[in-house]
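A.B. asks: turn this into a model:
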Amino acid sequence: GRKKGGGGGFNWWKTDDENSRFSDKARDDMFEAQQEILRQRKNKSQVQSNATKERRKAVSRQMKGIDKPKPPKKIEYDEPEGSIPIPLASFGIPKYDGGERFDLRGPYVDEGYVDAKAKKKQMEKAKAKAKAKASRGDDPLKKMFDGF
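C.D. replies: Numbering: from 1, shown residues only. Below you'll find the predicted structure:
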């Protein structure tokens, strides 16, 4: 049936179960915990918790170089047994590409591909053009200074 407390259609998640996280008791407990945090923030003279002091002390020791930071946990990309494998892009995963860019490992990355036959034909054309120009006598400097 319909729950007490008004609110129209907005209280559909409410329950009478005291153990539920949506119950009035859970809501009141969470509100009280939040109010306690606010009281601690406002009251600066109140002593900080031991956990906070220990955490700050550890960080200070790391910043001063006394202690070395713990190495980060190694991330494993293995799938659980019996799962459906979902293919992922292999770049960016050091297990597969060593952390380097896959597109920079190709043979023609730096210079690009140059066809030896095409380059030879291009050189032959340039030589033939220069030979034809020399045989015609088309010297631009000669034309420019012809009248002097």
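A.B. asks: what sits against residue 107?
C.D. replies: The contact partners of residue 107, taken as C-beta atoms under 8 Å, 6 or more residues apart in numbering, number zero. Just so you know, the C-beta spots here come from the backbone N, C-alpha and C atoms, and that holds for glycine as well.
A.B. asks: where does it land on pLDDT?
C.D. replies: We have a pLDDT of 81 for residue 107.
A.B. asks: how close does it get to residue 120?
C.D. replies: Distance of residue 107 to residue 120, given as C-beta to C-beta, to the nearest Å: 20 Å.
A.B. asks: repeat that for residue 39.
C.D. replies: From residue 39 across to residue 120, the span is 86 Å (C-beta to C-beta).
A.B. asks: again, but for residue 65
C.D. replies: For residue 65 relative to residue 120 (C-beta to C-beta), the value is 63 Å.
A.B. asks: one more: residue 31?
C.D. replies: Distance, residue 31 to residue 120, using C-beta to C-beta: 84 Å.
A.B. asks: again with residue 113
C.D. replies: Where residue 120 is concerned, residue 113 sits at a distance of 15 Å (C-beta to C-beta).
A.B. asks: who has more neighbours, the two?
C.D. replies: For residue 113 versus residue 120, neighbours defined as other C-beta atoms under 10 Å are more numerous around residue 120 (10 against 7).
A.B. asks: the host helix or strand of the more buried one - what's its average pLDDT?
C.D. replies: For residue 120, the element it lies in under DSSP states H and E is helix 116-136. Average pLDDT, helix 116-136: 84.
A.B. asks: just the C-alpha atoms of that helix, please, in PDB.
C.D. replies: Taking C-alpha atoms only, helix 116-136 is exported to PDB below (Å, rounded to 0.1, in the frame of the first residue of the first chain):
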ATOM      1  CA  ALA A 116      63.000   3.800 -56.300                       C
ATOM      2  CA  LYS A 117      61.600   3.500 -59.900                       C
ATOM      3  CA  ALA A 118      59.500   6.600 -59.500                       C
ATOM      4  CA  LYS A 119      62.500   8.600 -58.300                       C
ATOM      5  CA  LYS A 120      64.700   7.300 -61.100                       C
ATOM      6  CA  LYS A 121      62.000   8.400 -63.700                       C
ATOM      7  CA  GLN A 122      61.700  11.800 -62.000                       C
ATOM      8  CA  MET A 123      65.500  12.300 -62.300                       C
ATOM      9  CA  GLU A 124      65.500  11.300 -66.000                       C
ATOM     10  CA  LYS A 125      62.700  13.800 -66.700                       C
ATOM     11  CA  ALA A 126      64.600  16.600 -65.000                       C
ATOM     12  CA  LYS A 127      67.800  15.800 -66.900                       C
ATOM     13  CA  ALA A 128      65.900  15.700 -70.200                       C
ATOM     14  CA  LYS A 129      64.200  19.000 -69.500                       C
ATOM     15  CA  ALA A 130      67.600  20.600 -68.500                       C
ATOM     16  CA  LYS A 131      69.200  19.200 -71.700                       C
ATOM     17  CA  ALA A 132      66.300  20.600 -73.900                       C
ATOM     18  CA  LYS A 133      66.600  24.000 -72.200                       C
ATOM     19  CA  ALA A 134      70.400  24.100 -72.800                       C
ATOM     20  CA  SER A 135      70.000  23.200 -76.400                       C
ATOM     21  CA  ARG A 136      67.400  25.900 -77.000                       C
END
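A.B. asks: noted, bye for now.
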